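J.: Provide a 3D model corresponding to the input given below.
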Amino acid sequence: MNRLLLSIAFSLFLYPVFAQGPAVLSVREQAAVVDSWLEDRIQQVLPSIMTETGIDFWIVVSREYNEDPVIRTLLPATWHAARRRTILVMYQPSPNAPVETYAVARYDVGKFFKKAWNPEAQPDQWKALLEIIEAKNPKKIGLNFSKDYGHADGLTHFDYEELMRILPAQEQSKVVSAQTLAVRWLETRTVAEMAAYKHIQELAHYIIAEGLSDRVITPGVTTTEDVVWFYREKIKEMKLDTWFHPTVDIQRPDPNSQEASRSFAIRPSEQVILPGDLLHIDFGITYLRLNTDTQEFAYVLKAGETEVPSYLQEALKVGNRLQDILTTNFTIGKTGNQILKAARVQMDKEGIKGSIYTHPLGFYGHSAGPTIGMWDNQGDTPGAGDFPMHAHTGYAIELNAVVFVKEWNKDVRVMLEEGAYFDGKKVTYYNGRQKSILAIPRKSDYLGY
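T.: Coordinates of the predicted model:
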């Protein structure tokens, strides 16, 4: 029997059903939630951010299967892509007024964007759009072209040329980049979304905990890739999605193996999991159009051990301290670059070695908003790092602390990542954060948050 079949056999034998996890809605119920949230966002978020940015006419254009990143968040749950060319228009007649929404398309785009084009009366779709522009006479026409954010750069070159071709010079002079408007739309979380985000993160924690347990891992048999593919299968089984392929890697007490210096550009190789290994997982799910991004640790107990060694738990605390240093610097109006600089000054004062690479989290795993460091750049990030922080926004608090563990005679890299919410005054982790390394095996399903 080869190793893979042996691993499967062990799993079937040792695999009682994990404790009942958090509920996942049916696909139909998920669609209803997504559409209700979209209605709430159009009514509550859109008026304030259009007023804030001074753009009173926002055009979002996509052709089928070449979707603008913003239009993905405006389509109803039953639409998986634009149809033919879909043009959505959002117009605000006066500051803080409700936003009028139109679809210059052959169909209603869900409940919220009603068809505003009759191809029989006006065969040219672009001229139909022009008729709306001339009727509304907006002050600024926002288009999704952007230097700093791919999320806000969804208008294709051809569609831009087609639009400018039909716009009179007077209207062309009103065209501006909708970069800030698009970012504000993507980053702003509503009350309803935030009420559910704790549950979404709880789902991620539940799946991570099951994968990092003896329900899945048989030391000496199971490999890191076995665990990775368990996660992929589990996500599908639970009617969830993922936005990236998980990774599981190992740090070991051998001083000749310097895992703490491995470049993040290199995917770790497959290894058989052994007693004494410190396992690290990088994992994310997508549910109700929102994403998680989580990195946590587990330790495989050696013979005679009943708990994770205290020196490894102490190393984790250094990572927790670095999280605190970072999040206490979150302030409305500060840019990502300013937050990073202030956090690095404090970590240097406390003698903590490591890196910070925290990013917005929401409709996209690596979403729009202030970038706070990059794993390969601990200085300023031009553009995205210059974006200011706003209230009611979400982040993946991602960083690492490099801690010398004398018992291993080597550095251990404590790589942590947890979803969190900034309400304008403080940062709150959606479902807590890891404060204790998981033991494999463990006597209970306590996660250590």
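J.: I'd like the distance between the residue nearest the centre of the chain and V227.
T.: With distances taken as CA atoms, centre = their mean, G365 lies nearest the centre of the chain, 2.1 Å away. Counting by CB to CB, to the nearest Å, the gap from G365 to V227 is 20 Å. The C-beta positions use only the backbone N, C-alpha and C, and glycine is treated the same way.
J.: Surely F230 touches R215?
T.: No - using CB atoms under 8 Å, F230 is not in contact with R215, being 9.2 Å away.
J.: List the contacts of D56.
T.: M50, Y91, Q92, P93, P138, K139, K140 (CB atoms under 8 Å, 6 or more residues apart in numbering).
J.: and of these, the nearest to Q251?
T.: M50 (48.6 Å; CB to CB).
J.: a strand runs through the closest one, doesn't it?
T.: No - M50 is assigned helix when assessed by DSSP: H, G, I helix; E, B strand; the rest coil, not a strand.
J.: and V318, how many neighbours does it have?
T.: 20 (other CB atoms under 10 Å).
J.: Looks like it contacts M415 (just checking).
T.: No - with contact defined as CB under 8 Å, V318 does not reach M415; the gap is 12.0 Å.
J.: could you measure Y231 against L143, distance?
T.: With distances taken as CB to CB, Y231 is found 39 Å from L143.
J.: cool, and W117?
T.: Using CB to CB, W117 is found at 19 Å from L143.
J.: Then S257?
T.: Distance of S257 to L143, computed by CB to CB: 52 Å.
J.: So which of these two has more stuff around it?
T.: Counted by other CB under 10 Å, S257 and L143 do not tie: L143 has more neighbours, with 24 against 13.
J.: Can you name the residues that contact the closest residue to the more buried one other than its chain neighbours?
T.: Nearest non-adjacent residue to L143, counting by CB to CB, 6 or more residues apart in numbering: L155, 5.4 Å away. Residues in contact with L155 (CB under 8 Å, 6+ apart) are V61, D68, L143, N144, F145.
J.: Next, the contact list for the second one, please.
T.: With CB under 8 Å, 6+ apart as the criterion, the residues that contact D68 are V60, V61, S62, N144, G154, L155.
J.: now the last one
T.: For F145, the contact set (CB under 8 Å, 6+ apart) comprises A152, D153, L155, Y160, S177, A178, Q179.
J.: looking at these, which has the most residues close by?
T.: Tallying neighbours with other CB under 10 Å puts A178 at the head of the contacts of F145, with 29 neighbours.
J.: Excluding chain neighbours, what is closest to it?
T.: Counting by CB to CB, 6+ apart, the residue nearest A178 is G142, at 3.2 Å.
J.: so what does the host helix or strand of that neighbour touch, helix or strand wise?
T.: Using DSSP states H and E, G142 sits in strand 141-143. In terms of contacts (3 or more CB pairs under 8 Å, 6 or more residues apart in numbering; DSSP states H and E), strand 141-143 is packed against strand 57-63, strand 175-177.
J.: what mean pLDDT would you report for that strand?
T.: Mean pLDDT, strand 141-143: 98.
J.: Now the residue of the chain positioned farthest from its centre, what are its backbone angles?
T.: Going by CA atoms, centre = their mean, the residue of the chain most distant from its centre is A121, 43.5 Å out. Here is the backbone geometry of A121 (degrees, to the nearest 10): phi -80, psi -40.
J.: Which pLDDT value goes with R442?
T.: 88.
J.: Please report the distance of it from H390.
T.: 40 Å.
J.: Over to L46?
T.: 15 Å.
J.: So between the two, which is more surrounded?
T.: L46 (21 against 18).
J.: in the helix or strand hosting the more buried one, what counts as buried?
T.: Assigned by DSSP H and E, L46 belongs to helix 46-53. Neighbour-count burial for helix 46-53, with 16 or more other CB atoms under 10 Å as criterion, is recorded at L46, P47, I49, M50, T51, T53.
J.: For the last one, give me its contacts.
T.: Okay, so that is T53. T53 makes contacts with G142, A178, T180, L181, R184, as judged by CB under 8 Å, 6+ apart.
J.: Quick check, the second one in contact with G154.
T.: This points to A178. No - A178 lies out of contact with G154 (CB under 8 Å); the separation is 9.8 Å.
J.: Overlap of the contact sets of the two?
T.: N144.
J.: Kindly present the contacts of F145 as a markdown table, with separate columns for pLDDT, secondary structure and distance to I200.
T.: Listed next are the contacts of F145 as a markdown table, based on pLDDT from 0 to 100; DSSP: H, G, I helix; E, B strand; the rest coil; distance: CB to CB, whole Å:
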| residue | pLDDT | secondary structure | distance to I200 |
| --- | --- | --- | --- |
| A152 | 96 | helix | 24 |
| D153 | 96 | coil | 27 |
| L155 | 97 | coil | 30 |
| Y160 | 97 | helix | 36 |
| S177 | 98 | strand | 32 |
| A178 | 98 | coil | 28 |
| Q179 | 98 | helix | 27 |
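J.: Would you mind checking which of those residues is nearest to I397?
T.: Relative to I397, and with distances defined as CB to CB, the nearest of the contacts of F145 is A152, at 23.6 Å.
J.: can you tell me how far that closest one sits from T242?
T.: Plainly put, A152 is 24 Å away from T242 if you go by CB to CB.
J.: Report the contact partners of F57.
T.: Shown in contact with F57 (CB under 8 Å, 6+ apart): V89, M90, Y91, Q92, I133, K136, P138, K139, K140, I141, G142, K174.
J.: Buried subset of these as a ChimeraX selection?
T.: Selection of buried members from the contacts of F57 for ChimeraX, criterion 16+ other CB under 10 Å:
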select :89,90,91,92,133,136,138,140,141,142,174
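J.: which regions of the stretch 301-449 of the chain sit below the pLDDT cut-off?
T.: Counting by pLDDT under 70, the low-confidence segments of the stretch 301-449 of the chain come to 444-449.
J.: how does it look with 90?
T.: Confidence mapping of the stretch 301-449 of the chain against pLDDT under 90 gives the ranges 442-449.
J.: hey, where'd the strands end up in it?
T.: For the stretch 301-449 of the chain, the strands defined by DSSP state E, counting those that start in this stretch cover 353-356, 359-360, 393-405, 410-422, 427-429, 438-440.
J.: Mind giving me the packing neighbours of the fourth one?
T.: Using 3+ CB pairs under 8 Å, 6+ apart as the contact test, the elements touching strand 410-422 are helix 191-211, strand 278-283, strand 294-300, helix 310-327, strand 393-405, strand 427-429.
J.: Check the second one too.
T.: When contacts are defined as 3+ CB pairs under 8 Å, 6+ apart, strand 359-360 sits against strand 393-405.
J.: Pull out the buried positions in the strand it packs on.
T.: For strand 393-405, by 16+ other CB under 10 Å, it's T393, G394, Y395, A396, I397, E398, L399, N400, A401, V402, V403, V405.
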